[in-house]
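In: give me the fold of what follows.
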Amino acid sequence: MHIVVIPGTNRRGSYSLKLAKIIEADLLARSCTVDLLELALTPEFLADDVYKAPHPSVTALVTRFLKADGVYFIVPEYNGSYPGILKLFIDQLPYPENFDQRPCAFIGLAAGQFQSLRAVEHLQGVTGYRHAYNYPVRVFIGDVKKSVSPEGVITEPKLAERLMAQAEGFVRFIKRMKHDPDRA
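Out: Model (predicted):
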């Protein structure tokens, strides 16, 4: 099973990337192949003709996404929603194959107490609108700097347990959806 993990920001040294690497390790331990798809705001991404004639670097990211049996989004909260770089990437994905019957899982994180709930729900609205199978078990992390060290190590055992349980459940969810897509 092939899973794409997307840290939903282009911010250097982000906790989203630290968590994405933790999820990557959890999925590798479950015999999945993983593609950590990091987003970068490049001139090619912002070109006037990106929708009609995307640059090969943009096409390469899209191709990597479309190979996924499932997608894991690590979603930081920026101004009450998910980051613009993630929306820009989603807008590059072709319709209808972008999310159609593609299982998606979500982790929300924030520096404050609101745990990115609104951002994840906004993103789930978009993926659901495009017919994704949104995995219902989400993990929300507030005060992320208290739960994850600057080196990318989970410092709260209960959070580590929740993340491992989510990864395990998501793998089972993908298998069920591939076996019986009408079940969703």
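In: switch to C-alpha atoms for all contacts and neighbour counts from now on
Out: Fine.
In: and Gly108, that one's in a strand?
Out: Yes: per DSSP: H, G, I helix; E, B strand; the rest coil, Gly108 lies within a strand segment.
In: can you pull the contacts of it?
Out: Applying C-alpha atoms under 8 Å, 6 or more residues apart in numbering to Gly108 gives the contacts 74-77, 115-117, 119-120, 138-141.
In: distance of it from Lys178?
Out: Applying C-alpha to C-alpha, to the nearest Å, the value for Gly108 to Lys178 is 25 Å.
In: do Leu109 as well
Out: Per C-alpha to C-alpha, Leu109 is found 29 Å from Lys178.
In: compare the two (neighbour count), which wins?
Out: More neighbours surround Leu109 than the other of Leu109 and Lys178, with 27 against 16 (other C-alpha atoms under 10 Å).
In: centroid-nearest residue for this protein?
Out: In the chain, the centroid-proximal residue (C-alpha atoms, centre = their mean) is Phe73; its distance is 1.2 Å.
In: can you tell me which residues contact that residue?
Out: Shown in contact with Phe73 (C-alpha under 8 Å, 6+ apart): 5-8, 104-107.
In: any idea what it is bridged to?
Out: Taking DSSP bridges as the rule, Phe73 bridges to Ile6, Phe106.
In: low-confidence bits of this protein, can you list those?
Out: Counting by pLDDT under 70, the chain contains low-confidence residues at 180-184.
In: how about the strands in it?
Out: 2-7, 33-36, 70-76, 103-109, 133-134, 139-141 (DSSP state E).
In: redo these as TSV? Include distance to Ile23.
Out: Shown next, in TSV, are the strands of the chain (distance: least, C-alpha to C-alpha, whole Å):
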stretch	distance to Ile23
strand 2-7	8
strand 33-36	9
strand 70-76	8
strand 103-109	10
strand 133-134	17
strand 139-141	12
